[in-house]
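**Student:** I'll drop the sequence and a predicted model, then ask my questions.
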Amino acid sequence: MSLVDNLPDDIADKSLRPYGYNQVFRRDLKRFASFAVGFSFISITTGIFTTYGTVLGAGGPLGIWTWPISVIGQLFVALVFASLSSRMPIAGYSYQWMSRLANPKIGWLIGWVAFTFLIVVTVSVDYAIASVTLPDLFNFTATPFNEWLITAFILVIQLVLILFSTKWSTRINNTAVGTEVVGIVGLTLLLLIVGIIRGGIHFDHLFSMGTVSATGYFNLGTLTSVGPFMFSFLLGAYTIVGFEAAANLAEETQDAHNVVPFAMWSAVLLSGVVGFFFLVVLNLTSGNIAALTRSGTPVADIVTQTLGTVVGDIFLVLVTFSIFACGMVAFITATRLVWAMSRDERFPGYQLFQRVDPHTHTPLASTIMCGVLMEVVLAVFSTQPGTLTNLFSASSLLPVIIYMATVILYILTRHRLPPALRFTLGVFEWPVIILALVWLLFELSIFRDASFSTPWLYSLVMVGIGLLYFVYLWIARPQVLQVASLNKEEPEISGAEL
């Protein structure tokens with residue numbers, strides 16, 4: 001039991017007062033639910049079904065060996081975030097942490113980049129359903145129009161669910177964790193067993209470059225390009241993100257000081273192990289690599305060709321449900337970040353977006369606003385060629401920026417951190433921090449490739465819009481950017497009061 005979160009409601013509500021806030025959400029999320037949030041946001045199902053085809057085209061089957069490196073790198077990052085969340089379990093994660101460790105101006109900038117990321121990643125996840133799983137499941141040809149229409153409809157369904165109740169959204173998400181684990185583990189085992197029985201196992205595919213030339217394969221590239229193997233790191237860069245969603249729901253979590261840190265690093269570790277075995281088996285049962293490289297749905301093709309239509313469709317249903325839950329968690333995370341920034345009067349229209357409905361216990365206005373903006377972003381990306389690639393590339397670039405800024409500021413301001421209540425890195429703190437930073441610098445270098453021009457453009461346009469509002473705040477309402485929180489109505493509470 002932590003110091004505050006498992007105490008009676010009248011006392012636990014005081015746990016946010018040291019940060020300048022009052023408790024407004026119900027603490028409905030328990031250990032499994034918190035883990036489920038991080039695990040569902042990572043969603044190895046979503047990441048692998050979305051990016052495996054890109055890896056086949058860019059680096060061939062050999063590209064999957066970037067996965068273990070990505071998982072280890074992201075695990076170091078998750079441990080740094082776990083240390084921060086244990087000390088400051090507040091909605092808004094990096095926005096809140098940086099506002100307190102550095103200053104509210106830097107915190108605001110990080111918060112806006114995080115908001116930009118959450119909007120586009122929700123769209124990218126839902127778009128994967130329309131372009132990767134449903135076409136094979138219902139045997140239709142994906143077109144830009146029907147992909148846009150289906151994705152837009154999925155966003156509306158998620159919006160309604162989130163508006164209705166956090167509890168119902170959590171139940172769906174908890175179920176999705178089960179379907180994802182059962183789906184991926186079951187799918188991995190079935191593919192392997194059936195492949196062995198039918199003689200369809202290709203060990204040579206584990207280290208095959210497929211249709212990719214061996215010339216310069218491991219080359220680091222130039223100032224505007226990267227080599228095939230390095231490009232394949234997108235597989236892990238897109239998938240192993242979002243574990244920090246558990247921290248963003250800390251104010252709705254019981255025993256948050258203890259539960260949230262565990263939820264983040266364990267979600268990364270489990271996702272990494274299960275995902276790697278799935279990737280290995282996909283390579284082993286991949287069959288005609290050239291045909292799969294040309295396909296828009298290579299994972300679904302492998303499943304159907306190996307297991308047959310009926311069994312393949314059953315697993316595709318489970319996969320679709322898991323991807324849907326991933327998109328919903330990303331959606332919820334975006335609404336909570338908007339609410340957290342609005343609570344501090346730092347988000348456009350904060351007067352409206354800081355309200356929490358007393359009946360549903362959800363921030364209705366911020367949820368609707370996020371949904372509308374997601375539809376706009378979807379419409380913009382849908383008009384461009386390579387929609388899915390652009391979406392998941394933008395969704396990979398932005399978290400790297402957020403993670404790196406957070407780790408750097410952690411290094412610079414760690415002496416100002418409040419004491420850890422449950423989770424601590426101890427003597428491993430500096431090795432973990434350094435390895436996390438090295439990994440993130442390497443990961444960011446991948447995005448110098450010219451093919452990422454559209455994701456960079458999206459990021460710059462959204463950040464530019466945010467900077468206009470930031471300048472307005474700085475000039476017209478400078479007091480808003482002076483202190484970590486503006487809700488200092490209650491006195492800080494001491495350990496004796498807890």
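**Tutor:** Arrived safely, thanks for sending.

**Student:** Measure how far the one helix or strand Ser395 maps to is from the centre of its chain, please.
**Tutor:** Element membership of Ser395 [criterion: DSSP states H and E] is helix 387-413. Computed by Cα atoms, centre = their mean, to the nearest Å, the chain-centroid distance of helix 387-413 equals 10 Å.

**Student:** With only the CA atoms kept, save the one helix or strand Ala365 maps to in CSV.
**Tutor:** For Ala365, the host element (DSSP H and E) is helix 364-382. The C-alpha trace of helix 364-382 is given here as CSV (Å, rounded to 0.1, in the frame of the first residue of the first chain):
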residue,chain,number,x,y,z
LEU,A,364,-16.7,15.7,-22.2
ALA,A,365,-15.6,18.9,-24.0
SER,A,366,-11.9,17.9,-24.3
THR,A,367,-13.0,14.5,-25.6
ILE,A,368,-15.2,16.0,-28.3
MET,A,369,-12.5,18.5,-29.3
CYS,A,370,-9.9,15.7,-29.7
GLY,A,371,-12.3,13.6,-31.8
VAL,A,372,-13.0,16.5,-34.1
LEU,A,373,-9.3,17.3,-34.6
MET,A,374,-8.6,13.6,-35.2
GLU,A,375,-11.1,13.6,-38.0
VAL,A,376,-9.4,16.7,-39.5
VAL,A,377,-6.0,15.1,-39.3
LEU,A,378,-7.4,11.9,-40.9
ALA,A,379,-8.9,13.9,-43.8
VAL,A,380,-5.6,15.7,-44.4
PHE,A,381,-3.4,12.5,-44.4
SER,A,382,-6.0,10.6,-46.5
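
**Student:** helices and strands around it, which ones?
**Tutor:** Applying 3 or more Cβ pairs under 8 Å, 6 or more residues apart in numbering; DSSP states H and E, one finds that helix 364-382 contacts helix 104-128, helix 144-164, helix 309-343, helix 350-353, helix 387-413. (C-beta placed from N, C-alpha, C; glycine too.)

**Student:** Tabulate these (a markdown table), appending distance to Phe452 and mean neighbour count.
**Tutor:** Below are the helices and strands packed on helix 364-382 laid out as a markdown table (distance: least, Cβ to Cβ, whole Å; neighbours: other Cβ atoms under 10 Å):
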| stretch | distance to Phe452 | mean neighbour count |
| --- | --- | --- |
| helix 104-128 | 13 | 25 |
| helix 144-164 | 21 | 18 |
| helix 309-343 | 21 | 24 |
| helix 350-353 | 31 | 16 |
| helix 387-413 | 5 | 22 |
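
**Student:** Tell me how many other residues crowd the residue lying closest to Thr224 once chain neighbours are set aside.
**Tutor:** Nearest residue to Thr224 in three dimensions, chain neighbours excluded: Ala450, at 4.8 Å (Cβ to Cβ, 6 or more residues apart in numbering). Using other Cβ atoms under 10 Å, Ala450 has 11 neighbouring residues.

**Student:** Would you mind measuring from Ala450 to Ser225?
**Tutor:** 6 Å (Cβ to Cβ, to the nearest Å).

**Student:** before we move on, what about Leu189?
**Tutor:** According to Cβ to Cβ, Leu189 and Ser225 sit 39 Å apart.

**Student:** and if you look at Glu180?
**Tutor:** Glu180 is 35 Å from Ser225, where distance means Cβ to Cβ.

**Student:** Over to Thr215?
**Tutor:** Between Thr215 and Ser225 the distance is 14 Å, computed by Cβ to Cβ.

**Student:** hmm, back to that, what's the closest of the helices and strands packed on helix 364-382 to Ser86?
**Tutor:** Judged by Cβ to Cβ, the one of these that comes nearest to Ser86 is helix 387-413, at 12.8 Å.

**Student:** Where does pLDDT dip in the protein?
**Tutor:** 1-20, 24-26, 28, 165-168, 170, 173, 420-421, 483-498 (pLDDT under 70).

**Student:** Next, count neighbours for the closest residue in space to Gly210 that isn't next to it in sequence.
**Tutor:** If the residues on either side of it in the chain are set aside, Gly210 comes closest to Gly60, at 3.2 Å by Cβ to Cβ, 6+ apart. Here the number of neighbours of Gly60 (other Cβ under 10 Å) works out to 25.

**Student:** how about the most centrally placed residue in the chain, what does it touch?
**Tutor:** Centroid-nearest residue in the chain: Gly242, 2.4 Å away (criterion: Cα atoms, centre = their mean). With contact taken as Cβ atoms under 8 Å, 6 or more residues apart in numbering, Gly242 is in contact with 38, 41-43, 121, 326, 329-330, 333, 399.

**Student:** for it, helix, strand, or coil?
**Tutor:** Following DSSP: H, G, I helix; E, B strand; the rest coil, we place Gly242 in the coil state.

**Student:** shouldn't Phe164 be in contact with Thr360?
**Tutor:** Yes - if you go by Cβ atoms under 8 Å, Phe164 and Thr360 touch, sitting 6.5 Å apart.

**Student:** returning to what we had before: what is the distance between the helix holding Ala365 and the centre of its chain?
**Tutor:** On Cα atoms, centre = their mean, the centre of helix 364-382 falls 17 Å from the chain's centre.

**Student:** Just the buried residues of it, please?
**Tutor:** 364-371, 373-375, 377-378, 381-382 (16 or more other Cβ atoms under 10 Å).
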